[in-house]
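Peer 1: The following comprises the amino acid sequence and a computationally predicted model.
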Amino acid sequence: MTGYEMVIGLEVHIELKTETKIFCGCSTAFGGEPNTQCCPVCMGLPGALPVLNEKAVDYTVMAGLATHCQIAPLSKMDRKNYFYPDLPKAYQISQYDLPLCSGGWLDITVEGEKRRVGITRIHLEEDAGKLVHRPQGDTLCDYNRCGVPLIEVVSEPDLRSGEEAKAYLQKLRAVMRYLGISDCRMEEGSLRCDVNLSVRKKGGEALGVRTEMKNLNSFQSVTRAIEAEFRRQTGLLEQGEAIVQETRRFNQGSGKTSSLRRKENADDYRYFPDPDLPPIFLPEEKVAELRVSLPTLPEEWAETFRREYGLSPQEGEALAGERELAELFAAAAPQCKNARTLAGLLLGEGLRRMEEGRGIPASPAHLAALADLLEREKINAGAAKKLMGELCCRDADPAALAEEQGLWQQDDRTALAEAVAKALRENPKSLADYRSGRAKAAGQLMGAAMAATKGLANPRLLRQILEEVLGNSEV
């Protein structure tokens with residue numbers, strides 16, 4: 001496998017957060033009772049005529065502008081013909097040769113190195129329905145999702161590893177969430193990814209035969225599927241066998257891919273302009289208006305945090321990954337003594353809550369005050385973590401919470417010396433291990449001493465006292 005490299009391109013499907021569907025007035029709300037959000041238009045019944053949702057076009061253009069794409073002044077909707085049970089009219093309204101957006105890019109950072117990933121196109125289309133496979137062996141069709149507007153973001157084959165693909169997906173997801181055009185909840189299917197992967201000898205120029213893995217809906221699934229398919233293809237090539245162009249499915253349980261169907265080409269879909277929908281004209285004024293409406297995007301935030309507060313690129317990108325977190329840090333950082341201390345607090349419990357979509361109710365002033373308590377060693381890291389958890393649930397003065405819960409840091413040398421003595425007395429084996437040259441035993445004794453103070457000791461002072469005692473040969 002070391003003699004080969006993978007070549008990866010991603011097709012990312014992102015449902016747009018409009019209130020109604022792309023061609024009708026049916027709701028796009030997730031989780032409705034099956035087949036209760038349908039009408040003759042989204043079901044494709046005879047005589048029903050689609051009307052394009054202008055907001056869906058606006059959102060697509062915003063996605064293109066945020067990813068450095070060229071916006072087409074003239075575009076159109078096409079019919080992509082194929083039969084599948086979750087596509088009741090046997091064609092999907094999509095875009096083919098005149099997409100709304102093309103020729104863009106996103107920069108990603110992997111292992112400290114920045115890479116640019118080209119974006120071939122972003123086109124607007126309607127989603128299909130959903131098949132529900134039941135344990136008893138039958139399959140049900142839920143058509144609520146039919147007609148939900150989505151964009152397909154097609155990358156160039158610029159990715160070379162599962163980690164790069166993950167980084168690209170995370171960056172793309174962050175940008176779309178910043179724009180407010182999609183919630184990108186992978187667990188609900190509002191962001192899904194198809195992986196196109198081929199293999200070639202390292203140093204080669206020609207692309208190999210690619211396979212496509214459909215509808216991967218988690219970052220972990222994407223990386224695991226890429227690694228599994230890379231192993232499979234290199235194994236076949238080493239045995240002198242040919243790769244077949246096909247669509248494959250990734251099985252989470254087995255960690256392997258399996259053949260689903262032979263891959264279709266564009267000609268197989270018999271694209272033609274949809275006769276029921278007029279062309280899309282985008283005046284320059286409209287595009288300029290949408291450009292002005294764009295918020296500060298993740299890359300700009302990350303660079304600001306690096307430049308103004310001395311954060312590392314990794315810290316800046318992590319904070320910038322969630323818009324609300326970035327804005328909260330930007331508001332709180334000028335109010336605290338050390339912005340890096342604040343960043344460390346937010347990148348723990350704060351980031352986890354943001355990724356879960358729960359938000360942080362604490363004010364920037366109280367978050368800055370918490371960072372200052374830790375910076376001035378009024379509390380230790382354990383207490384700060386606990387107080388950060390409180391501020392993630394309610395807005396309160398961290399000093400008052402520390403007083404109320406008895407979380408002030410213990411700095412009294414006499415009390416800390418007693419805690420060290422207790423730890424040594426109650427952990428004779430760890431002490432003996434340390435004396436016999438096992439340096440890790442000191443960490444066990446430090447943990448025991450910290451526990452004796454209920455986690456409230458000044459760790460720097462406690463460690464100093466422990467080292468002094470361990471250095472005394474009479475102990």
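Peer 2: Noted; the coordinates are in hand.

Peer 1: can you map out the strands along the stretch 101-250 of the chain?
Peer 2: Secondary structure of the stretch 101-250 of the chain (DSSP state E, counting those that start in this stretch): strands located at 101-110, 113-126, 130-133, 139-142, 149-155, 191-201, 211-216, 246-251.

Peer 1: What strands line up against the last one, and which way round?
Peer 2: Pointing back at strand 246-251 there. strand 211-216 (parallel), strand 256-262 (antiparallel) (DSSP bridges).

Peer 1: Please apply the same query to the fourth one.
Peer 2: Based on DSSP bridges, the pairing partners of strand 139-142 within the sheet are strand 130-133 (antiparallel).

Peer 1: quick one: contacts of the strand it pairs with?
Peer 2: By CB atoms under 8 Å, 6 or more residues apart in numbering, the residues outside strand 130-133 that reach it are 34, 85-86, 139-142, 144-145, 189. Bear in mind the C-beta positions are built from the backbone N, C-alpha and C, glycine included.

Peer 1: next one: stretch 226-246
Peer 2: Defining contact as CB under 8 Å, 6+ apart, one finds that stretch 226-246 is touched by 1, 4, 6, 8, 161-162, 165, 195, 197-199, 208-213, 248, 250, 255-257, 259-263.

Peer 1: Can you give the distance from stretch 374-393 to the centre of its chain?
Peer 2: 27 Å (CA atoms, centre = their mean, to the nearest Å).

Peer 1: Low-confidence regions, the stretch 1-150 of the chain specifically.
Peer 2: Residue ranges of the stretch 1-150 of the chain with pLDDT under 70: 1.

Peer 1: Tell me where it has helices.
Peer 2: 40-43, 54-66 (DSSP state H, counting those that start in this stretch).

Peer 1: show me what contacts the closest residue to Asn338 other than its chain neighbours?
Peer 2: Once flanking residues are discounted, Asn338 sits nearest to Glu375: 4.8 Å by CB to CB, 6 or more residues apart in numbering. Taking CB under 8 Å, 6+ apart, we find Glu375 in contact with 336-338, 341.

Peer 1: repeat for Cys141
Peer 2: Taking CB under 8 Å, 6+ apart, one finds 35, 85-86, 129-132 in contact with Cys141.

Peer 1: Whichever of the residues you listed end up buried, select them in PyMOL.
Peer 2: In PyMOL syntax, the buried subset of the contacts of Cys141 is picked out as below (16 or more other CB atoms under 10 Å):
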select buried, resi 86+129
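
Peer 1: Tell me which of the strands of the stretch 101-250 of the chain is the most buried.
Peer 2: Among the strands of the stretch 101-250 of the chain, strand 149-155 has the highest mean neighbour count (mean count of other CB atoms under 10 Å), at a mean of 24.

Peer 1: That strand: partners in the sheet, and parallel or antiparallel?
Peer 2: Partners of strand 149-155 in the sheet, by DSSP bridges, are strand 4-15 (antiparallel), strand 113-126 (antiparallel).

Peer 1: which stretch among these comes nearest Arg323?
Peer 2: The closest approach between Arg323 and any of the strands paired with strand 149-155, judged by CB to CB, belongs to strand 4-15 at 15.9 Å.

Peer 1: Just the CA atoms of the closest one, as PDB, please.
Peer 2: Presented in PDB, the C-alpha positions along strand 4-15 are these (Å, rounded to 0.1, in the frame of the first residue of the first chain):
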ATOM      1  CA  TYR A   4       0.200   3.700  -4.000                       C
ATOM      2  CA  GLU A   5      -1.700   7.000  -3.300                       C
ATOM      3  CA  MET A   6      -5.400   7.600  -3.200                       C
ATOM      4  CA  VAL A   7      -7.100  10.300  -5.200                       C
ATOM      5  CA  ILE A   8     -10.300  11.500  -3.700                       C
ATOM      6  CA  GLY A   9     -13.100  13.800  -4.800                       C
ATOM      7  CA  LEU A  10     -16.200  14.500  -2.700                       C
ATOM      8  CA  GLU A  11     -19.800  15.200  -3.600                       C
ATOM      9  CA  VAL A  12     -21.400  16.800  -0.600                       C
ATOM     10  CA  HIS A  13     -25.200  17.100  -0.500                       C
ATOM     11  CA  ILE A  14     -26.400  19.900   1.800                       C
ATOM     12  CA  GLU A  15     -30.100  20.500   2.500                       C
END
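
Peer 1: Hey, what's the angle from that strand to strand 191-201? Just curious.
Peer 2: Inter-element angle recorded for strand 4-15 and strand 191-201: 160 degrees (by axes from the mean of the first three to the mean of the last three CA atoms, to 10 degrees).

Peer 1: sorry, back to before: just put the contacts of Cys141 in CSV and tack on distance to Glu390.
Peer 2: Formatted as CSV, the contacts of Cys141 follow (distance: CB to CB, whole Å):
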residue, distance to Glu390
Asn35, 44
Pro85, 50
Asp86, 46
Gly129, 44
Lys130, 40
Leu131, 44
Val132, 41
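
Peer 1: Return the closest of the contacts of Cys141 with respect to Leu319.
Peer 2: Lys130 (35.2 Å).
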